[in-house]
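Novice: Let's see this in three dimensions:
(2 chains)
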Amino acid sequence: MRVTGAAAISRRYFVMNAFDGALAALGVIVGAWSSGPIQPRFIVGAGLGMSLAMGISGFAGAYLTERAERLRRLRELERSLLVNLDSSIHGRAFRTVVLWTALVDAMSPALTALASISPFIMLSHGLVSADQAVFISITTILITIFSLGAFTGKVSKENVFISGIRMLSVGLITAFLVSILAR
Amino acid sequence: MVHDPIVRKVVLDVLKPHQPQIPELASRLVACHGVDHVGISLAEIDQNTESIKVQVEGTDIKIDALKRCIEEMGATIHSIDEVEVVKSTQHK
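Specialist: Here you go, the predicted structure:
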C-alpha cells in the first residue's frame, strides 16, 4: 500500500463517497418528510435500493477508473525499467490497491446511507415513532457530515471544528433546498 | 573433496523505481539468503527511476537468490561490477 500511495486516495474516496451517501439519504428523508405523511416502507425500500446502487456504482466506477489509471502508470514504469513488473511488489500492490479503493468506494456511501435509514427500519417494526425516526435519522446524517468535515480538517491540519461546520453547512443547505422543493 | 567457490561480496549496478525507497530496499535485501551487510548509494535519479550501487556482503551469497530479491522489489540488475569469491572445501 505504501508503494502506491493508496492511503491518500482511499481517504479521498472515503470522505467523498460517504458524504455522497449521507447527502443522498438526507435528500430522500427530508423530501419524504416534507411531502406528506411518512411511509416507512417506501423510505426503507428507497434507502436500501439507493445503498445497493451506490455500493455497486462505487465499486464498479472506482475499480474501472483506478485500474485504468494505475495500469497506465505501471506500464510506464515497466517501459522505464525495461522489465515486466507483474510478479514484483508493484504488480501485487497494483492489484491490491485497485480492489481496496473499489471496496472503500463501494462501502462508504452504502454504509452511510444504510445507517441513515436505519431509524426507519426501527419505525417499520414499531420501535420508534415517525417523528423520532426522522429526528434520529437527520441527526445521524448531520453528525456524520460534521465528522467527515472534521476528518478532512484533521487531514489538512486545519481547525477541525471549522472544517466540520463548513461541511455541515452544505448538508443544511441541501436539506433546506429539498424541503422547499418537496412541498 | 570438492572446492565450491563462496561469494562473499558483490557490487551491483541496479535500476529501481522510486518506490520502495533505498532504506526499505536495503532492509529487504539484507533479509535475503546468505546476506549479512548491504550498502546502497544513489548514483543517478530520473523521472521514474533511480540508478543505485548496491554493495552486498555475506557469508555465502547466492547470486540467483539475490537477483530474485532485487526483482521482487521491481528493480533490475544492469551489471555486476565487482565480485569477491573465496574457495571453500566441503566433503560431498
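
Novice: For A:Y63, give me the backbone phi and psi.
Specialist: A:Y63 adopts backbone torsions of phi -60, psi -50, taken as degrees, to the nearest 10.

Novice: what's the spacing between B:G34 and A:R41?
Specialist: Shown here: B:G34 relative to A:R41, a distance of 69 Å by Cβ to Cβ, to the nearest Å. All C-beta spots, glycine's among them, are computed from the backbone N, C-alpha and C.

Novice: nope, B:V10 is what I meant
Specialist: B:V10 is 72 Å from A:R41, by Cβ to Cβ.

Novice: just A:A130 next, same as before
Specialist: Applying Cβ to Cβ, the value for A:A130 to A:R41 is 12 Å.

Novice: quick one: what helix or strand has A:N84 in it?
Specialist: Element membership for A:N84, per DSSP states H and E: none, as it lies in no helix or strand.

Novice: can you tell me which helix or strand the spatially closest residue to it that is not a sequence neighbour belongs to?
Specialist: Leaving aside its sequence neighbours, A:N84 sits nearest to A:E78 (Cβ to Cβ, 6 or more residues apart in numbering or on different chains; 6.2 Å). Element membership of A:E78, judged by DSSP H and E, is helix A:40-81.

Novice: Using the three-state scheme, assign B:R8.
Specialist: Look at B:R8: counting by DSSP: H, G, I helix; E, B strand; the rest coil, its state is strand.

Novice: Also B:Q19?
Specialist: B:Q19 - assigned by three-state DSSP - is coil.

Novice: Need the per-residue pLDDT for it.
Specialist: With respect to pLDDT, B:Q19 scores 90.

Novice: which stretches of chain B have low pLDDT?
Specialist: Within chain B, the segments meeting pLDDT under 70 span B:1-3, B:89-92.

Novice: switch the cut-off to 80
Specialist: Regions of chain B meeting the criterion pLDDT under 80 cover residues B:1-4, B:88-92.

Novice: for chain A, what are the nearby residues on it?
Specialist: Counting by Cβ under 8 Å from any Cβ of the partner chain, chain B comes close to chain A at B:15-17, B:19-20, B:46-49, B:71-76.

Novice: and which of these is nearest A:L82?
Specialist: B:T76 (7.1 Å; Cβ to Cβ).

Novice: which helices and strands does the helix or strand A:A150 falls within pack with?
Specialist: Secondary structure assignment for A:A150, by DSSP H and E: helix A:130-155. Applying 3 or more Cβ pairs under 8 Å, 6 or more residues apart in numbering or on different chains; DSSP states H and E, one finds that helix A:130-155 makes contact with helix A:6-34, helix A:89-124, helix A:160-182.

Novice: returning to what we had before: so for B:G34 and A:R41, which residue has more residues nearby?
Specialist: B:G34 (17 against 11; other Cβ atoms under 10 Å in any protein chain shown).

Novice: quick one: low-confidence ranges for chain A?
Specialist: Per-residue confidence of chain A (counting by pLDDT under 80) places the weak regions at A:1-6, A:38, A:182-183.

Novice: So the residue lying farthest from the centre of it versus B:L29, what's the distance?
Specialist: Ranked by distance from the centre of chain A (Cα atoms, centre = their mean), the top residue is A:L82, with 39.5 Å. Distance, A:L82 to B:L29, using Cβ to Cβ: 21 Å.

Novice: Any idea which of the helices and strands packed on helix A:130-155 gets closest to A:F59?
Specialist: Nearest of the helices and strands packed on helix A:130-155 (Cβ to Cβ): helix A:89-124, 3.6 Å.

Novice: The residues of chain B next to chain A: which two are farthest apart?
Specialist: Greatest spacing in these, by Cβ to Cβ: B:Q47 and B:E72 (23.2 Å).
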